[in-house]
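S.K.: Okay, here's the prediction I keep looking at, along with the sequence it came from:
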Amino acid sequence: MTALPKSARRRLLLTATASALALGAGVAPAAALPMPAQFAPAADVGPAPTTTPPFSTPNTDECPQRQAPPPAIDLSEAPRPGEQAPAPVPVPDDPVGGAALGNCGIVTAPGTPPLPADISAHGWVLSDLDSGQILAAKDPHGRYRPASTIKILLSLVALDELDLNHTVTATPDDAAMEGSSVGLGAGGTYTNLQLMQGLVMRSGNDAAHALAAQLGGDEATVAKMNAKAHSLGALDTRTASVSGLDGPGMSTSPYDLALFFRAAMQNPTFAQLISTETVQFPGHPADPTKPDDKPVEPHPIYNDNQLLANYPGALGGKTGYTDDARQTFVGGADHDGRRLAVTLMAADVLPIRPWEQVSRLLDYGYSLDRTAEVGTLVDPVAASDTPAVEVAGPATHGPGGMDLASGSDLPNKDIAGRVAVGLVGFCVVVGLLVWARALTRRRRR
């Protein structure tokens, strides 16, 4: 091939440099200088694409997540050495909430308009918080990772068991929790109400840890969360951490998240927490183990849910994100007394942000006839119908996780309790028999 003359090489270099600078500045490059024929592209090579492919909603028609979430992209769910990952949560024979919800693709009622565009979530559910109607859905029972939306389930457990006026002192372990934080400091004092504000408004993993410590620790709290999920009829769920950090076996579905949100919204305290835009939060003293640490003064914290600030009638909700879960989001609104909610899973920030996708689905829901329905959110399971939960050994996996392959509950001390109850019952029966025999003898005399 003939060598390119020095002058031509200089012209090409200048052209390439100018084009690169122009592209970096976000403007169209100037017209390129003529290229010598011997360096022109072959005639059968088409021009480089100038636009990105158009967005299309992820296709889930073939049920890729019927049994389990997509493979992890990191080691967050890797079992500890010598241990095995728990088996997937069993898939019920009949779809919970109605036969149509067994469809893994888009589920809409007959005669309803097309769904809004730009929804990047792999799975979602649009529901009525009061009637329990499901208006539309996509892969409603697909198994995905919840990220911090699972804090709704933790909230349900905490609100059931903890005194919100009780004051606790944050520990170094609380303050050192990885991921999102409300800013607890070791030695700082907080009421449980303030911890709940940090949990719901700022998605604080540190607040989750401090609450779980009062519920028996991370392992016991995870077991209580799983038991609560089962009691609500959520059969796609296995929690592996109290905060939503990924762990072995972590799984839930858009349908189950809708169950959690509906149950939580029946609690006035939770409803107030998610609708609060800002509150004053306590400061904390300097950490004596850190020479350069300084005390933190009381300061305001703000709700991180953009739906609350941008959608008319918004009730609030919960955000979530991990590398494996991607974007998750739960949100609701009230228009003229009708409260609708949307749960998004495995979404992205493109082409529009998750709260904007929720906004579009809420608009769609409010445009439908009130009779539109593709399924229902089931009512909580009666205590006598709650599935038996096997007892687990010590915790085994991940951040705050435990081996939940069998849907384990509290540790083995429960066995001793059942044995004690059995012995007491046996003694009572023996005593009654002895008394009856003595009574019979007296009558014979």
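M.R.: Arrived safely.
S.K.: element containing the residue lying closest to Cys63 once chain neighbours are set aside, please.
M.R.: Distances taken as Cβ to Cβ, 6 or more residues apart in numbering place Cys104 nearest to Cys63, at 3.9 Å, with adjacent residues excluded. For glycine as for every other residue, the C-beta is placed from the backbone atoms N, C-alpha and C. Following DSSP states H and E, one finds Cys104 outside all helices and strands.
S.K.: what's the spacing between Cys104 and Asn59?
M.R.: Distance, Cys104 to Asn59, using Cβ to Cβ, to the nearest Å: 10 Å.
S.K.: So for these two, which residue has more residues nearby?
M.R.: Set Cys104 next to Asn59 and count neighbours by other Cβ atoms under 10 Å: Cys104 wins out with 21 against 12.
S.K.: looking at it, that one is touching Asp139, isn't it?
M.R.: Yes: counting by Cβ atoms under 8 Å, Cys104 does reach Asp139; the two are 4.8 Å apart.
S.K.: got any residues that touch both of those two?
M.R.: Both Cys104 and Asp139 are in contact with 60, 63, 65, where contact means Cβ atoms under 8 Å, 6 or more residues apart in numbering.
S.K.: Tell me which residues of whichever strand or helix holds Leu362 come out buried.
M.R.: Using DSSP H and E, Leu362 sits in helix 354-367. Of the residues in helix 354-367, 354-362, 364-365 count as buried by neighbour count, 16 or more other Cβ atoms under 10 Å.
S.K.: Is there a quick ChimeraX command that grabs whichever of the shared contacts of Cys104 and Asp139 are buried?
M.R.: Selection of buried members from the shared contacts of Cys104 and Asp139 for ChimeraX, criterion 16+ other Cβ under 10 Å:
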select :60,65
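S.K.: Filter the shared contacts of Cys104 and Asp139 down to just the ones in strands.
M.R.: Judged by DSSP state E, strands contain none of these.
S.K.: Quick one: mean pLDDT over stretch 200-217.
M.R.: Here stretch 200-217 scores 98 as its mean pLDDT.
S.K.: Please read the previous query as pertaining to stretch 171-191.
M.R.: The average of the pLDDT scores along stretch 171-191 is 96.
S.K.: Distance from stretch 350-368 to the middle of the chain?
M.R.: Computed by Cα atoms, centre = their mean, to the nearest Å, the chain-centroid distance of stretch 350-368 equals 18 Å.
S.K.: Tell me which residues are up against the helix holding Leu362.
M.R.: By Cβ under 8 Å, 6+ apart, the list of residues contacting helix 354-367 from outside reads 113, 115-121, 124, 126, 135-136, 305-307, 310-311, 317, 319, 327-329, 331-333, 335, 338, 340, 342, 344, 347, 352.
S.K.: Following the chain past that helix, name the next helix or strand.
M.R.: Downstream of helix 354-367, the next assigned helix or strand under DSSP H and E is strand 375-376.
S.K.: That next one: partners in the sheet, and parallel or antiparallel?
M.R.: Here the strand partners of strand 375-376, with direction, are listed using DSSP bridges: strand 133-138 (antiparallel).
S.K.: and the partner strand, C-alpha only, in PDB?
M.R.: C-alpha atoms of strand 133-138 as PDB (Å, rounded to 0.1, in the frame of the first residue of the first chain):
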ATOM      1  CA  GLN A 133     -57.900  -5.600  42.600                       C
ATOM      2  CA  ILE A 134     -54.900  -6.100  40.300                       C
ATOM      3  CA  LEU A 135     -55.500  -3.900  37.300                       C
ATOM      4  CA  ALA A 136     -52.600  -5.000  35.200                       C
ATOM      5  CA  ALA A 137     -49.200  -6.700  35.600                       C
ATOM      6  CA  LYS A 138     -46.100  -8.000  33.900                       C
END
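S.K.: Give me the angle between that strand and helix 354-367.
M.R.: 130 degrees (axes from the mean of the first three to the mean of the last three Cα atoms, to 10 degrees).
S.K.: helix or strand right after strand 133-138?
M.R.: helix 151-161.
S.K.: Determine the set of other helices and strands touching that next one.
M.R.: helix 192-201, helix 205-214, helix 218-231, helix 254-265, helix 268-275, strand 314-322 (3 or more Cβ pairs under 8 Å, 6 or more residues apart in numbering; DSSP states H and E).
S.K.: Mind listing residues that contact it?
M.R.: With contact meaning Cβ under 8 Å, 6+ apart, helix 151-161 is reached by 192, 196, 199-200, 203, 208, 211-212, 215, 221, 224-225, 228-229, 237, 239, 242-244, 257, 260-261, 263-264, 267, 269-270, 273, 318, 320, 330.
S.K.: Turn the buried residues of helix 354-367 into TSV, columns for distance to Gln280.
M.R.: Output for the buried residues of helix 354-367, formatted as TSV (distance: Cβ to Cβ, whole Å):
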residue	distance to Gln280
Pro354	28
Trp355	25
Glu356	30
Gln357	32
Val358	28
Ser359	29
Arg360	34
Leu361	34
Leu362	31
Tyr364	38
Gly365	35
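S.K.: Looking at the residues you listed, spot the one nearest Ala100.
M.R.: Nearest to Ala100 among these: Gly365, at 16.6 Å, using Cβ to Cβ.
S.K.: Distance check, that closest one against Gln133.
M.R.: Applying Cβ to Cβ to Gly365 and Gln133 gives a distance of 10 Å.
S.K.: what angle separates the helix holding Leu362 from strand 314-322?
M.R.: In terms of direction (the same axes, to 10 degrees), helix 354-367 departs from strand 314-322 by 140 degrees.
S.K.: who's in contact with Gly233?
M.R.: Counting by Cβ under 8 Å, 6+ apart, Gly233 makes contact with 96, 259, 378-381.
S.K.: what do you get if the cut-off is 7 Å, keeping everything else the same?
M.R.: Residues near Gly233 by Cβ atoms under 7 Å, 6 or more residues apart in numbering: 96, 259, 378, 380-381.
S.K.: Tell me where the stretch 1-150 of the chain has helices.
M.R.: Along the stretch 1-150 of the chain, counting by DSSP state H, counting those that start in this stretch, helices occupy 6-24.
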